[in-house]
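**Q** next come a sequence and a model predicted from it.
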Amino acid sequence: MSTVEERAPRRPPVVVRRAPGVDAGHFVDVVVHLARREVASMHRFTLLGWAWPVVRQLAQLAVLVFVFSTILDLGIDHFPVFVFSGLIAWSWFAAGVQQATASLIVNRHLVFQSRFPVAVLPIVSVAVPFIDVLLVLPVLVVMLIVSGTLSWTVGMLLPLLLLQFVLMAGIAWLAAAANVFMRDVENVIGVGLTLVFYCTPVFYSIASVPERYQTLLRLNPMTTMVESYRAVLMGTEFPSAGRLAAVGVASALLALAGWLLFKRAEPRFVDEL
């Protein structure tokens with residue numbers, strides 16, 4: 001007798017039905033709650049606790065100042081505050097984007113909950129290192145006062161922080177969604193951030209770069225952001241209005257594209273995780 005083998009039907013993709021919508025107030029509340037929980041867990045059972053972000057930033061600052069003012073003197077006035085004002089912005093950007101990329105995989109247990117607003121997870125990853133910025137900023141302000149370089153334009157710092165947050169949110173949504181379908185994205189982001197660090201004027205002035213390369217470096221939005229932070233804090237020259245406007249428009253469009261693509265891919269996350 002011939003035996004007829006029955007082939008098991010192919011399992012269809014798992015599609016999780018999400019809540020029809022999440023209002024902005026609830027979205028912010030969830031971000032704040034998860035960010036507070038994440039920060040509390042990070043500093044639990046540590047001796048220095050909340051001082052660790054300051055220690056990390058100052059340690060990195062000390063290395064950069066030693067190398068580029070003692071071993072390789074770049075001839076930049078008030079070099080410690082010059083570097084610190086750029087380092088804070090870059091550290092937030094690098095940490096936020098790197099953590100956001102892995103946020104859905106690390107928190108897959110939350111993604112599996114049908115009524116949980118998954119889009120908050122990359123934003124929480126952006127918000128947590130921003131808390132480190134708030135802890136370190138008073139140290140920078142003291143350094144600026146002591147060095148006599150604190151500018152009266154320091155009040156314009158808040159719009160710059162908001163602009164960087166929008167820029168990072170767009171990248172975070174795109175990278176987090178892409179990493180669910182292709183796990184190499186996390187490694188690509190890590191390598192990319194290392195390369196972009198050296199293309200961002202954190203420890204050097206863009207004026208010291210050969211003119212033929214300056215245009216290329218200015219395509220990096222973090223170049224404009226770092227120069228803007230220094231202009232606001234130290235009274236250095238602002239980037240042109242055109243560059244600031246371009247970064248603002250690009251950040252808004254990137255955030256919108258990131259949100260739309262994230263929401264479009266969201267129903268497939270559970271099946272891929």
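**A** Sure thing, it's come through.

**Q** what's the strand or helix carrying Asn187 packed up against?
**A** Using DSSP states H and E, Asn187 sits in helix 184-198. Where contact means 3 or more C-beta pairs under 8 Å, 6 or more residues apart in numbering; DSSP states H and E, helix 184-198 is packed against helix 79-101, helix 157-181. Every residue, glycine included, has its C-beta placed from N, CA and C.

**Q** mean neighbour count, those: which tops it?
**A** helix 79-101 (a mean of 23; mean count of other C-beta atoms under 10 Å).

**Q** now that helix, how far from the centre of its chain.
**A** 8 Å (C-alpha atoms, centre = their mean, to the nearest Å).

**Q** do the same with stretch 220-230
**A** Centroid separation between stretch 220-230 and its chain, computed with C-alpha atoms, centre = their mean, is 14 Å.

**Q** in the chain, which helix is the longest?
**A** helix 120-147 (DSSP state H).

**Q** how much distance is there from it to the middle of the chain?
**A** The answer for helix 120-147 is 12 Å, by C-alpha atoms, centre = their mean.

**Q** that helix vs helix 157-181, what angle?
**A** Counting by axes from the mean of the first three to the mean of the last three C-alpha atoms, to 10 degrees, helix 120-147 lies at 140 degrees to helix 157-181.

**Q** buried sites along helix 120-147?
**A** With burial defined by 16 or more other C-beta atoms under 10 Å, the residues of helix 120-147 counted as buried are 120-133, 135-136, 139-140, 143-144.

**Q** out of the helices and strands packed on helix 184-198, nearest to His109?
**A** helix 157-181 (14.4 Å; C-beta to C-beta).

**Q** what is that closest one packed up against?
**A** Against helix 157-181 (3+ C-beta pairs under 8 Å, 6+ apart) you get helix 79-101, helix 103-106, helix 120-147, helix 184-198, helix 221-234, helix 241-265, helix 269-272.

**Q** just the buried positions in the helix or strand following the helix holding Asn187, please.
**A** Downstream of helix 184-198, the next assigned helix or strand under DSSP H and E is helix 211-218. Neighbour-count burial for helix 211-218 flags 217-218 (criterion: 16+ other C-beta under 10 Å).

**Q** so helix 211-218 versus helix 184-198, what angle?
**A** Helix 211-218 and helix 184-198 are oriented at 140 degrees to each other (the same axes, to 10 degrees).

**Q** roughly how far out does stretch 261-273 sit from the chain middle?
**A** 22 Å.

**Q** start to end distance for it?
**A** Using C-alpha to C-alpha, to the nearest Å, one end of stretch 261-273 lies 18 Å from the other.

**Q** and that stretch, what's buried?
**A** For stretch 261-273, the neighbour count (16+ other C-beta under 10 Å) marks 262, 265-266, 268-270, 272 as buried.
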